[in-house]
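Peer 1: missing the sequence, but the structure's below:
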């Protein structure tokens with residue numbers, strides 16, 4: 001837990017914004033970006049990711065572009081997390097994908113990620129690529145923490161960071177993220193790296209999951225939680241730099257589109273059906289405002305009891321909403 005002195009130091013310089021206790025959303029101060037208010041959505045199944053009997057594809061990462069191709073990572077889940085690893089795929093056009101198979105398997109026996117690797121997030125930085133992921137041990141999903149693997153190219157090979165896990169569950173059982181944490185969404189803003197993550201206490205369910213944030217000077221950490229956590233309700237959530245603030249989808253918990261001018265105090269401004277969405281948002285890593293918005297990504301969908309991934313086209317481009 002943060003001590004009293006740490007709790008008085010905000011994540012970024014300036015006064016700590018108002019956030020209601022327990023992860024309730026903040027009151028809106030300025031009009032939200034209009035393109036976030038009533039976004040349109042179209043889901044198209046992707047042939048390479050269609051649901052297949054025997055395992056699920058879910059938790060699509062954010063999408064990056066490298067060497068003229070798009071790259072995505074996702075969770076391959078067989079036997080309800082008894083055999084769960086991170087796989088990857090590439091595409092020349094974002095429509096037709098080639099599944100490349102395993103990217104990051106389970107950790108060695110006795111390690112914090114020995115039972116599985118899930119929920120990837122891919123970050124380009126300084127000529128390398130960082131794959132943030134959630135790991136668990138002992139076959140117990142409640143033991144989730146966040147680590148990083150590093151490679152010189154999105155195709156790998158991936159090597160685990162020596163300081164893993166870079167973000168652990170809080171040891172105090174009364175704290176909101178003491179039961180589990182995971183699902184890193186990483187952004188570069190104001191010269192610092194912001195790691196949004198989900199968490200909950202032991203015994204709580206998906207609908208009680210909330211989202212918090214930690215920050216660091218380097219994308220490899222060390223990361224320090226913000227004292228305003230948790231920020232908003234969310235489970236399979238997605239966050240991205242939008243204009244000069246941060247937008248987010250709650251995933252599973254609600255259809256709300258959230259907006260924050262400072263990345264801390266979020267307001268519900270619109271609605272968009274979503275379950276688990278990986279977005280093409282290159283503005284997440286420039287360190288500047290994203291004045292283009294976003295237009296597409298990949299999203300989990302189900303056929304019967306089996307999950308696959310489809311292309312989602314969403315009109316949240318800034319040009320649509322005006323200046």
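Peer 2: On my side now, so go ahead. Predicted, not measured: the structure shown is a model, and the values here were computed from it. Numbering: from 1, shown residues only.

Peer 1: what bits of the stretch 151-300 of the chain have low per-residue confidence?
Peer 2: Counting by pLDDT under 70, the stretch 151-300 of the chain shows no low-confidence range.

Peer 1: give me the element the most centrally placed residue in the chain is part of.
Peer 2: Central residue of the chain (CA atoms, centre = their mean): residue 185, 3.1 Å from the mean position. Here residue 185, judged by DSSP states H and E, is contained in strand 180-189.

Peer 1: Name the residues that touch that strand?
Peer 2: 59, 62, 118-119, 121, 123, 130, 132-134, 141-146, 167-169, 193-200, 219, 236-241, 246, 263, 284-287 (CB atoms under 8 Å, 6 or more residues apart in numbering). C-betas here are computed from N, CA, C, even on glycine.

Peer 1: hmm, which of those are the buried ones?
Peer 2: Buried by 16 or more other CB atoms under 10 Å: 59, 62, 118-119, 121, 123, 130, 132-134, 141, 143-146, 167, 169, 193-200, 219, 236-241, 246, 263, 284-285, out of these.

Peer 1: Of the contacts of strand 180-189, which belong to strands?
Peer 2: If you go by DSSP state E, those have 118-119, 121, 123, 130, 132-134, 141-146, 193-200, 238-241, 246 in strands.

Peer 1: Quick one: the helices in the stretch 1-150 of the chain, in order.
Peer 2: 4-7 (DSSP state H, counting those that start in this stretch).

Peer 1: Apologies, that question was intended for the stretch 151-300 of the chain.
Peer 2: Under DSSP H, counting those that start in this stretch, the stretch 151-300 of the chain gives no helices.

Peer 1: just the strands in the stretch 1-150 of the chain please.
Peer 2: 41-45, 56-58, 64-66, 69-78, 83-91, 97-104, 116-125, 128-137, 140-151 (DSSP state E, counting those that start in this stretch).

Peer 1: so which of these gets nearest residue 319?
Peer 2: When the strands of the stretch 1-150 of the chain are compared by CB to CB, strand 41-45 sits nearest residue 319, at 17.9 Å.

Peer 1: From the chain's centroid, how far away is the closest one?
Peer 2: 20 Å (CA atoms, centre = their mean, to the nearest Å).

Peer 1: Residue 61 and residue 86, how far apart?
Peer 2: Distance, residue 61 to residue 86, by CB to CB, to the nearest Å: 8 Å.

Peer 1: Which residues are in contact with each of these two?
Peer 2: 73, 74, 120.

Peer 1: What count of nearby residues applies to the first one?
Peer 2: With neighbours defined by other CB atoms under 10 Å, the count for residue 73 comes to 27.

Peer 1: For it, list each beta-bridge partner.
Peer 2: As for beta bridges, residue 73 partners with residue 88 under DSSP bridges.

Peer 1: Kindly report the same for residue 303.
Peer 2: Counting by DSSP bridges, the residues bridging with residue 303 are residue 306.

Peer 1: you'd agree it is up against residue 51?
Peer 2: Yes - with contact defined as CB atoms under 8 Å, residue 303 counts as touching residue 51 (4.4 Å).

Peer 1: quick one, which of the two is more surrounded?
Peer 2: residue 51 (20 against 12).

Peer 1: OK, contacts around the more buried one?
Peer 2: 57, 302, 303, 304, 306, 307, 308.

Peer 1: So what's the residue count around residue 228?
Peer 2: Count around residue 228 with other CB under 10 Å applied: 21.

Peer 1: quick revisit: in a markdown table, list the shared contacts of residue 61 and residue 86 along with distance to residue 254 and pLDDT.
Peer 2: Below are those laid out as a markdown table (distance: CB to CB, whole Å; pLDDT from 0 to 100):
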| residue | distance to residue 254 | pLDDT |
| --- | --- | --- |
| 73 | 25 | 98 |
| 74 | 23 | 98 |
| 120 | 24 | 98 |
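
Peer 1: Redo these as CSV? Include distance to residue 280.
Peer 2: As requested, these are exported to CSV (distance: CB to CB, whole Å):
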residue, distance to residue 280
73, 13
74, 14
120, 15
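
Peer 1: and of these, the nearest to residue 110?
Peer 2: For those, the nearest to residue 110 is residue 120 (22.8 Å; CB to CB).

Peer 1: roughly how far apart are the closest one and residue 30?
Peer 2: 34 Å.

Peer 1: Looking at these two, which has the bigger crowd around it?
Peer 2: Higher neighbour count among residue 120 and residue 30: residue 120, with 26 against 9, using other CB under 10 Å.

Peer 1: From residue 293, how far off is the more buried one?
Peer 2: 23 Å.

Peer 1: ok, now which ones touch residue 70?
Peer 2: So residue 70 contacts 63, 64, 90, 91, 92, 93, 94, 280 (CB under 8 Å, 6+ apart).
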